[in-house]
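K.L.:
what follows is a predicted protein model with its sequence.
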Amino acid sequence: MKQIADDVAVRDKKTLGFWIYLMTDCVLFAALFATFAVLHTSTFGGPTGAKLFDLPFVLIETMILLTSSFTIGLAVLGSARGFKKQTLIWLVITFALGAAFLTLELTEFSHLVADGNGWDRSAFLSSFFTLVGTHGLHIAIGLLWLIVMIIRLWRFNFKQSDLNRLALFGLFWHFLDIVWIFIFSIVYLIGGMS
């Protein structure tokens, strides 16, 4: 009985620690959004967001990432019910969607740089690349985490500690989707009009 209580206490501490981490990430992204808000008109005579952003392309990115939020939710639900095969399938689909999103984001960056609109062109582009790139870095880290989760769940047959980690991963992935909704709204929609 004491062992179960100790395990619950450890799990609760890890969960609290993870929530603290997510809040620090909120502060990080809030600072990056504030920086973008201040610098989005500082183009130094270069192109504005309205000239650079391809909204249909970004909308496709957005739909892919939001779909991955749905699939990770299905994976977490499947794991809670003990459906190993279903959980692994949804995790693989989530990984594929996340990788597709990241590929599209890197494609956008490479086109901007190839056209001479890199991060060093203006304060606007510096803030854009920093904000969107930080989100992309989080997606890349999430994809690595997801690979580890898939391997562990496949090899170790749904240990409780791995199911807890999967639930925390689901929170992380949903957090990244929420951040992207703000990026899409503030950077691409509002920033793309100026």
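P.N.:
Good, I have the coordinates. Note that the structure is a prediction, hence the values are computed from the model and not measured.

K.L.:
low-confidence ranges, this protein, go.
P.N.:
For the chain, the stretches flagged by pLDDT under 70 are 1-10, 192, 194.

K.L.:
next structured bit after the lengthiest helix in it?
P.N.:
As assigned by DSSP state H, the longest helix anywhere in the chain is helix 2-39. Remark: after helix 2-39, the chain's next helix or strand is helix 49-52, criterion DSSP states H and E.

K.L.:
if I read this right, residue 187 contacts residue 130, doesn't it?
P.N.:
No. Residue 187 is not in contact with residue 130 according to CB atoms under 8 Å; the separation is 11.1 Å. Every C-beta, even on glycine, is put in place using the N, C-alpha and C of the backbone.

K.L.:
give me the more crowded residue out of those two.
P.N.:
Using other CB atoms under 10 Å, the more surrounded residue of residue 187 and residue 130 is residue 187, with 23 against 15.

K.L.:
check contacts around that one.
P.N.:
Contacts for residue 187 (CB atoms under 8 Å, 6 or more residues apart in numbering) come out as 36, 40, 49, 128, 131-132.

K.L.:
can you tell me how far it is from residue 54?
P.N.:
Per CB to CB, to the nearest Å, residue 187 is found 13 Å from residue 54.

K.L.:
same deal with residue 39?
P.N.:
In this view, residue 39 and residue 54 are 21 Å apart by CB to CB.
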